[in-house]
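S.K.: generate coordinates for the sequence data below:
(2 chains)
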Amino acid sequence: MNAKYMNPYLAGFLLGLVLLATVFITGRGLGASGAIKSIVVATVDGVASKHAEGSHFYGAYVGPGKDNPLKSWLVFEVFGVLIGGFISGLASDRLKFVTEKGPRIQQKIRWLFAAIGGALFGIGAQFARGCTSGAALSGMAVLSTAGFITMIAIFGTGYAFAYFARKLWLAEKAGR
Amino acid sequence: MGPFVPELISDQLNLVVALVLGIAFGAVLEQAGFSSSRRLAGVFYGYDFTVLRVFFTATVTTMSGVLLLGYFGLLDTEAIFVNPTWLVPAIVGGIIMGIGFVLGGYCPGTSICAAAIGKIDAIFFIGGGILGVFAFGELFPLYANFYDSTSLGSIKVFDSLGMSQGLFAFLLIAMAVGAFAVTTLIEKRVDRISAPSLEFKSRKHVAAGIGIFALGLLFIVLPDRKTSLINKVSDPKYAASHPVTVMDADELAFRIVDREPNIRIIDLRSIDTTMSRSLPGAENITVRDLFGKDWVSIFSRRHVKKALIGKDEAQERTAFLLLRELGYENLAVLKGGFDAFDKTILSSAPFVPTGSRWDADVKVFREKAREDILKLIAENKNKGAKEPKKTKKVQGGC
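M.R.: Model (predicted):
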């Protein structure tokens, strides 16, 4: 039996306090996509270091005199997210291998679209210099213009595009 | 005063801090229900506004905390990382991510949290994310120019909108509270049986909404700490009732010539005017920068006299009173400002006798001091024009 989720306002308040503590202690915000980027950069560097050093994109993070890209703040933070998520799931009895999907689609379709969505996030987060956590949430909290623009673009597009993706999430007769 | 990186917390320790904060971040995300893609996607279809509630409550909480900590002088808001803006790439990136959100049902942070409790779709999402970044990296030359275009620096949203910080904070809070109320109504209409908001205790929620709205109103009237302190010490009444320690040009010259170690010259003039004539060993700090934590180590040394030099004595007096207001001691203003020093000591203007019996000695002293100090200035210049001190800034971003 799953425990219930926390009241969203309380959860938001706690999330805000975690982010505030992060800003207060370290002077920076939280993030997520940056760690995925570090993994990619480290992998490319490991497989083809010449190629990585010559690239405009990877080159900023690798090369002589630079730390291993995995030794970065966000990689450690995201490792913490994994641990924290696991502990919370354990405490609330939610640990289970399962695929979540809308009622109208096959599991494999869900996997395919999850991967496409992830890829789009991976690309978009590079242009926007961060994802929902690093650019939108952390950016808005310090009143950065970029944070608000990114947030509006993400959620505005989400609403505009939701109609076309309704089959992925809604039951046949759902909605209005 | 925060932040504690990089002075108090080293780069190594900072990684441990990152791990601990990450654990808290992950635990809160999971408890909020962000480990469920159906719940996350619900925000776009009106059956579950959890994302919006958590997201905006967190934003308002952190923003309010940053503003309050800054107001009470506990956080150096100049030192924290403000995500720089690349306008068009931010919009394009956001649009791409918005489509990704609806198709994938997660964002990167929530996917990691969901993968931690065994959501297989989240693992596919992360795999897709890795491929996406890789594809972006490999094709980078195609859009390298676009990637760096419309760079506006670390601008703040209230400046972009042309309003005060306090007013913006209030409007954001008002918008959040309004959105909470409206989305709760929508949610209950879309799904009468299992809408999450049916479980809310409405009286407590309304009370909390009013409370946060009141905090927003407070932000409008709460002035920015810097502006209010500078206004306070610039007030003629305040200045009249708070005398300052004055040092005349001869004394300063003597201390420079004497190579006295316990004096520090603080030059308040803007950096381009001082480049040509910077006194030996002077630190260049403008009045607004006096608040920052970069200079605490200089100002808090009590046995060192801090001689304030400005374009005129009024500027020096403002800085003097401000620094004392901030709790620093052993300060002095230069009588008549830099111009007076320039006239009496540095330039070869003829000596103006004052009729004192020491006139002859003073004249000799000033001539020697001029020679010596000009030499020191020249030496300083040969060492290369003094770079404005760049402290290691906090790094951030995704």
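
S.K.: only C-alpha atoms from now on, for both contacts and neighbour counts.
M.R.: Fine.

S.K.: need the helices for the stretch 1-150 of chain B, in chain order.
M.R.: Using DSSP state H, counting those that start in this stretch, the helices of the stretch 1-150 of chain B run over B:11-32, B:37-41, B:50-71, B:87-104, B:108-116, B:120-138, B:140-147.

S.K.: next one: chain A
M.R.: With DSSP state H as the criterion, chain A has helices at A:8-26, A:33-47, A:49-54, A:73-91, A:107-127, A:138-141, A:145-162, A:166-169.

S.K.: re earlier: closest to A:Gly102 out of the helices of the stretch 1-150 of chain B?
M.R.: Closest to A:Gly102 of the helices of the stretch 1-150 of chain B, according to C-alpha to C-alpha: helix B:37-41, at 7.2 Å.

S.K.: tell me if that closest one is near chain A.
M.R.: Yes. Applying C-alpha under 8 Å from any C-alpha of the partner chain, one finds helix B:37-41 in contact with chain A at B:Ser37, B:Arg38, B:Ala41.

S.K.: nearest to B:Phe4, out of the helices of the stretch 1-150 of chain B?
M.R.: Smallest distance to B:Phe4 across those (C-alpha to C-alpha): 9.5 Å, for helix B:11-32.

S.K.: that closest one vs helix B:108-116, what angle?
M.R.: Put simply, helix B:11-32 runs at 70 degrees to helix B:108-116, going by axes from the mean of the first three to the mean of the last three C-alpha atoms, to 10 degrees.

S.K.: domain map for chain B?
M.R.: In the domain annotation for chain B, the residue ranges read B:11-224, B:236-382 (automatic domain parsing).

S.K.: can you lay out those domains as a markdown table showing mean pLDDT?
M.R.: Formatted as a markdown table, the domains of chain B follow (pLDDT from 0 to 100):
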| stretch | mean pLDDT |
| --- | --- |
| domain B:11-224 | 92 |
| domain B:236-382 | 83 |
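
S.K.: from those domains, which stretch is densest packed?
M.R.: Using mean count of other C-alpha atoms under 10 Å in any protein chain shown, the stretch among the domains of chain B with the largest mean neighbour count is domain B:11-224, at a mean of 21.

S.K.: quick one: terminal-to-terminal distance for it?
M.R.: Chord length of domain B:11-224, first to last residue, is 31 Å (C-alpha to C-alpha, to the nearest Å).

S.K.: could you dump the helices of chain A to JSON lines with mean neighbour count and mean pLDDT?
M.R.: Converted to JSON lines, the helices of chain A look like this (neighbours: other C-alpha atoms under 10 Å in any protein chain shown; pLDDT from 0 to 100):
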{"stretch": "helix A:8-26", "mean neighbour count": "24", "mean pLDDT": "96"}
{"stretch": "helix A:33-47", "mean neighbour count": "22", "mean pLDDT": "92"}
{"stretch": "helix A:49-54", "mean neighbour count": "17", "mean pLDDT": "89"}
{"stretch": "helix A:73-91", "mean neighbour count": "24", "mean pLDDT": "96"}
{"stretch": "helix A:107-127", "mean neighbour count": "26", "mean pLDDT": "96"}
{"stretch": "helix A:138-141", "mean neighbour count": "30", "mean pLDDT": "94"}
{"stretch": "helix A:145-162", "mean neighbour count": "23", "mean pLDDT": "96"}
{"stretch": "helix A:166-169", "mean neighbour count": "21", "mean pLDDT": "92"}
